[in-house]
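Asker: this one's sequence-less:
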């Protein structure tokens, strides 16, 4: 049986228009329509085999769009447990049932009502992205950003057929013109929710879900740079939103940062290891200085010659010595 994953998630929404038309869903936590926290991070830690996260961006006029965003996620909540009861391979059938019911709800709200939705399902250690409209899902693994969702916009269509270059997409006038969304789905014409291939979840992986209020102003390269920063989930979310606003964001925007691991904060290096490493470096520097220091020879002192050893006495020398020291002469 697959062990439960530690997942941490932070959602942040910023209202840029009269009505907050974005909403978010973090594993059964869903703010009521019209009561989405504005510029206040919402964080949740969980240990589970199943994690479902989503952002929605409502279509329509004012409060109608806000209701559409909430409906898209309230229907998702009904299918939460159904997704936990099926295998990874069978999630697709549950997603189709969800799309059908959510699509019908949009029709009940009136003409023009609908919602973009981006969803991340982490089930038994694998992640699957599901989306329609202009909301996106990214993964950030091993320092590389991957877009897991597919945009349903006129601009994306023009990119697909080669009519425009990627550099033109962010500023193209049709970037907010949707070709599909909840409320616009027509399975008979091949309009369904997009599903990515399941990918294994590794410890430290980061996932980003966001509305087009963010990606209309931040390029994938900029998003990749921000996610590479050594920051907590909350600070990453705040950095993404604040940069989009600084670049002139005039649409409501919402982000969810999901991280696999025991903590939503970057790991802290053990202080003992740091001190040990510092001491080792200090000793190495001192040793290098000592080896590089020129050594002076001590001043030489005159060496006195050692006396020569006396020659060994012989019989003749002994007799001669006696003859000179007796004090008398032979007569």
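Answerer: Yes, it's here. This is a predicted model, so every value here is computed, not measured. Residues are numbered from 1 along each chain as shown.

Asker: hey, let's count contacts and neighbours off CA atoms from now on
Answerer: OK.

Asker: do you know how far residue 245 is from residue 238?
Answerer: 11 Å (C-alpha to C-alpha, to the nearest Å).

Asker: need the residues touching each of those two.
Answerer: Counting by C-alpha atoms under 8 Å, 6 or more residues apart in numbering, residue 245 and residue 238 have no common neighbour.

Asker: give the contact list for residue 12.
Answerer: Residue 12 neighbours (C-alpha under 8 Å, 6+ apart): 37-42, 237-238, 241, 254-256.

Asker: secondary structure, distance to residue 132 and neighbour count for those - can I get that in a markdown table?
Answerer: Output for the contacts of residue 12, formatted as a markdown table (DSSP: H, G, I helix; E, B strand; the rest coil; distance: C-alpha to C-alpha, whole Å; neighbours: other C-alpha atoms under 10 Å):
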| residue | secondary structure | distance to residue 132 | neighbour count |
| --- | --- | --- | --- |
| 37 | coil | 24 | 17 |
| 38 | coil | 24 | 13 |
| 39 | coil | 25 | 15 |
| 40 | coil | 26 | 13 |
| 41 | coil | 25 | 19 |
| 42 | strand | 24 | 16 |
| 237 | helix | 22 | 23 |
| 238 | helix | 25 | 20 |
| 241 | helix | 22 | 23 |
| 254 | strand | 16 | 29 |
| 255 | strand | 16 | 32 |
| 256 | strand | 17 | 29 |
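
Asker: tell me which of these is nearest to residue 113?
Answerer: residue 254 (19.2 Å; C-alpha to C-alpha).

Asker: the closest one - nearest residue in space that isn't next to it in sequence?
Answerer: In space, residue 254 comes closest to residue 13 once its chain neighbours are excluded; the distance is 4.2 Å by C-alpha to C-alpha, 6 or more residues apart in numbering.

Asker: ditto for residue 15
Answerer: Distances taken as C-alpha to C-alpha, 6+ apart place residue 252 nearest to residue 15, at 4.9 Å, with adjacent residues excluded.

Asker: what packs against the helix or strand where residue 24 lies?
Answerer: According to DSSP states H and E, residue 24 maps onto strand 22-26. Judged by 3 or more C-alpha pairs under 8 Å, 6 or more residues apart in numbering; DSSP states H and E, strand 22-26 is in contact with strand 5-14, strand 50-59, helix 63-78, strand 253-260.

Asker: now tabulate these in TSV and tack on distance to residue 118 and mean pLDDT.
Answerer: As requested, the helices and strands packed on strand 22-26 are arranged in TSV below (distance: least, C-alpha to C-alpha, whole Å; pLDDT from 0 to 100):
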stretch	distance to residue 118	mean pLDDT
strand 5-14	13	96
strand 50-59	5	96
helix 63-78	10	95
strand 253-260	10	97
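
Asker: now those in TSV, with distance to residue 176?
Answerer: As requested, the helices and strands packed on strand 22-26 are exported to TSV (distance: least, C-alpha to C-alpha, whole Å):
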stretch	distance to residue 176
strand 5-14	18
strand 50-59	11
helix 63-78	15
strand 253-260	13
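
Asker: nearest to residue 116, out of those?
Answerer: Per C-alpha to C-alpha, nearest to residue 116 of the helices and strands packed on strand 22-26: strand 50-59, 5.1 Å.

Asker: roughly how far does the spatially most central residue of the chain sit from residue 227?
Answerer: The chain has residue 206 as the residue nearest its centroid, 3.9 Å off, counting by C-alpha atoms, centre = their mean. For residue 206, the distance to residue 227 equals 8 Å [C-alpha to C-alpha].

Asker: ok, now residue 247?
Answerer: Computed as C-alpha to C-alpha, the residue 247 to residue 227 distance reads 18 Å.

Asker: neighbour-wise, which of these two wins?
Answerer: residue 227 (24 against 11; other C-alpha atoms under 10 Å).

Asker: before we move on, the earlier item: so what's the residue nearest to the centre of the chain bridging to?
Answerer: Beta-bridge partners recorded for residue 206 (DSSP bridges): residue 140, residue 259.

Asker: residue contacts, the residue nearest to residue 15?
Answerer: Residue 252 neighbours (C-alpha under 8 Å, 6+ apart): 13-17, 20-22, 213.

Asker: just the buried residues from those, in ChimeraX please.
Answerer: Remark: buried members of the contacts of residue 252, expressed as a ChimeraX selection using 16 or more other C-alpha atoms under 10 Å:
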select :13,14,15,16,20,21,22,213
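
Asker: just give me the closest of the contacts of residue 252 to residue 80.
Answerer: Of all the contacts of residue 252, residue 80 sits closest to residue 22, with 20.1 Å by C-alpha to C-alpha.

Asker: list the beta-bridge partners for that closest one.
Answerer: Taking DSSP bridges as the rule, residue 22 bridges to residue 57.
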